[in-house]
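Student: Mind folding the following:
(one chain, ligands or ions: 1)
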Amino acid sequence: MGMLDFKEIPQANNANGNQDTFELFAREVLNMLGFEILVNPDRGQDGGRDLIIEEKRIGLLNDTKVRWLVSCKHKVHSGGSVIVNDEEDIADRVLANNCNGFIGFYSTVVSSPLNRKLESLKEKFEVQTFDNEKIEGLLLMNERGKDLIKRFFPKSYQRLDDKAPSNLLNKYMPLKCACCGKDLLKRDLLEDYAGVIVFVEESGLNKGFTADFEKTKIVDIYWACKGTCDDKLTQYYINQGYVNGWEDISDIIIPYKYLQWIMSIFNRIRDEDDIYTDVAFEKLKNFIIAVSQIVFKNQSKEDIRRIMDLNSLPDWM
Ligand SMILES: [Zn+2]
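Tutor: Sure, this is the predicted structure:
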């Protein structure tokens, strides 16, 4: 399967009011590509309807228009390729509708016999086919394609969304603001750079300060919304004589930045520049686990099966 699951588009010929969804999808895709949609001719015997669309070609001397007959076949639910019997009287249909081209718009592949038939028709008029793979490529490449993917393939869209949490944990773990409880991993908050992770550090100003000047003691860590929530917490810790170091969560979810940030924490612990309290270290680990849901790719079914196998082994093995 490709990136898009065409089964998300309901089956044609069902009397549930959704029978036109694939045709509607075809119209939207062709419109995105710059074709003008002219008419939906009457429903044929097979319940399928052909579309007539127009392509404007800009020439050096004058522009020409190509009138295409579009035949939509949504066979992905039955799993078959589009065969010769699915496309009867192509030449007659093209002629009857005053068209000079034929487009096959399909959610599966074209069978070899139909392909040969279409090739032979190219002597009479122009022929183009859009199969699932070609349609997917066009949607992924095109700026407007994203909207169509969102509308017609909502589940696939979720999978493609690079800021959606992956299936890293068997249950999603939110990253709740320490002040208001809002989940800072929500897509809109990440896009708005709305959240920060704050390291509460012991400074020389702290009256209880006894440690070596070179070292930083991280007494606590929290994450919060920028602005009011963070200000309240910052004030709370400043009043106790601590200083704050902070980082944008939206930067940390950038894979390169994520790795760089974790490596620098490793290095500072290794060099004994930073000392963590138990509370702070526990929170740091939780934070890394939570943001990893955004940074990491989805695990495949095989990955998950393997994890379950490994986890079912007794601890001493
Ligand atoms: Zn908040």
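
Student: Helices of the stretch 101-250 of the chain, start to end?
Tutor: Assigned helices in the stretch 101-250 of the chain, in chain order: 112-121, 132-141, 145-152, 154-160, 187-191, 228-239, 249-252 (criterion: DSSP state H, counting those that start in this stretch).

Student: ok now the last one, how far from the chain's centre?
Tutor: From the chain centre to the centre of helix 249-252 is a distance of 19 Å (Cα atoms, centre = their mean, to the nearest Å).

Student: and the end-to-end length of stretch 239-259?
Tutor: 33 Å (Cα to Cα, to the nearest Å).

Student: Distance-wise, check residue 219 relative to residue 194.
Tutor: Distance of residue 219 to residue 194, computed by Cβ to Cβ, to the nearest Å: 25 Å. C-betas here are computed from N, CA, C, even on glycine.

Student: Please determine how far residue 216 is located from residue 201.
Tutor: 5 Å.

Student: What of residue 121?
Tutor: 75 Å.

Student: try residue 244
Tutor: Distance from residue 244 to residue 201, by Cβ to Cβ: 7 Å.

Student: try residue 279
Tutor: For residue 279 relative to residue 201 (Cβ to Cβ), the value is 13 Å.

Student: Can you spell out which helices and strands pack onto the helix ranked longest in the chain?
Tutor: Ordering each helix of the chain by length in residues (DSSP state H) puts helix 278-295 first. When contacts are defined as 3 or more Cβ pairs under 8 Å, 6 or more residues apart in numbering; DSSP states H and E, helix 278-295 sits against strand 195-202, strand 216-225, helix 255-270.

Student: other SSEs contacting the first one?
Tutor: What that stands for is strand 195-202. strand 216-225, helix 228-239, strand 242-248, helix 249-252, helix 278-295.

Student: ok, and which of those has the densest surroundings?
Tutor: Among the helices and strands packed on strand 195-202, strand 216-225 has the highest mean neighbour count (mean count of other Cβ atoms under 10 Å), at a mean of 22.

Student: and that strand, average pLDDT?
Tutor: The average pLDDT for strand 216-225 rounds to 96.

Student: List the neighbouring strands of it plus their orientation.
Tutor: Sheet pairing here is set by DSSP bridges, and for strand 216-225 it gives strand 195-202 (antiparallel), strand 274-276 (parallel).

Student: what's near enough to touch the residue in the stretch 1-150 of the chain that the ion sits nearest to?
Tutor: Closest approach of the stretch 1-150 of the chain to the ion (Cβ to the ion) occurs at residue 150, with a separation of 28.1 Å. Residue 150 sits next to residue 157 when contact means Cβ atoms under 8 Å, 6 or more residues apart in numbering.

Student: Quick check: the gap between it and residue 184.
Tutor: The gap separating residue 150 from residue 184 is 24 Å, by Cβ to Cβ.

Student: How about residue 153?
Tutor: Distance from residue 153 to residue 184, by Cβ to Cβ: 28 Å.

Student: Between the two ends of stretch 92-104, how far is it?
Tutor: Terminal-residue distance, stretch 92-104 (Cα to Cα): 15 Å.

Student: ok, and the closest non-adjacent residue to residue 223?
Tutor: residue 197 (4.7 Å; Cβ to Cβ, 6 or more residues apart in numbering).

Student: Quick one: residues contacting that neighbour.
Tutor: Contacts of residue 197 by Cβ under 8 Å, 6+ apart are 221-223, 246-247, 249, 252, 287.
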